[in-house]
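Undergrad: Have a look at this prediction, sequence included:
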Amino acid sequence: MTIKKPSQPNGQQPNQVDIERVINAGSPPTQADEKDDTSKEVRFQMAIPDQLCKLIDNARSLTKTSRRAWLLTAAIEKLEREGRL
């Protein structure tokens, strides 16, 4: 099967003005694009002892949350108790 280039109407090639119009046709940036107020995440790996992991898994099994969510909730609760958050 031969692949052919699509033909232009009347055999004309697009001029530079038409090409620029297509390139610049995108919408202008919004205020949300210019301003990013979301907090950044810090990612890291953490190793915990096997016994502690089992205790965490047992505690979170009642709520069916992920380890990550459970640990974040626990950290927030502790910081709130200490008055740091």
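TA: Arrived safely, thanks for sending. Residues are numbered from 1 along each chain as shown.
Undergrad: State the distance from residue 49 to residue 55.
TA: 10 Å (CB to CB, to the nearest Å). Any C-beta I mention is one placed from the backbone N, CA and C, and that applies to glycine too.
Undergrad: So for residue 69, what pLDDT did the model give?
TA: The confidence metric pLDDT takes the value 92 at residue 69.
Undergrad: The one 5 residues further on now?
TA: You'll see residue 74 listed with a pLDDT of 93.
Undergrad: Just the element for it, please.
TA: Counting by DSSP states H and E, the element that carries residue 74 is helix 67-81.
Undergrad: Please save the CA atoms from that helix in PDB.
TA: What follows is the C-alpha trace of helix 67-81 in PDB, where atoms were taken according to Å, rounded to 0.1, in the frame of the first residue of the first chain:
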ATOM      1  CA  ARG A  67      -0.200   3.400  54.600                       C
ATOM      2  CA  ARG A  68       0.700   6.800  53.200                       C
ATOM      3  CA  ALA A  69      -2.700   8.300  54.100                       C
ATOM      4  CA  TRP A  70      -2.600   6.700  57.600                       C
ATOM      5  CA  LEU A  71       0.900   8.000  58.300                       C
ATOM      6  CA  LEU A  72       0.100  11.500  57.100                       C
ATOM      7  CA  THR A  73      -3.000  11.500  59.300                       C
ATOM      8  CA  ALA A  74      -1.000  10.300  62.300                       C
ATOM      9  CA  ALA A  75       1.700  12.900  61.800                       C
ATOM     10  CA  ILE A  76      -0.900  15.700  61.500                       C
ATOM     11  CA  GLU A  77      -2.700  14.600  64.600                       C
ATOM     12  CA  LYS A  78       0.500  14.500  66.600                       C
ATOM     13  CA  LEU A  79       1.600  18.000  65.400                       C
ATOM     14  CA  GLU A  80      -1.900  19.400  66.300                       C
ATOM     15  CA  ARG A  81      -1.700  17.900  69.800                       C
END
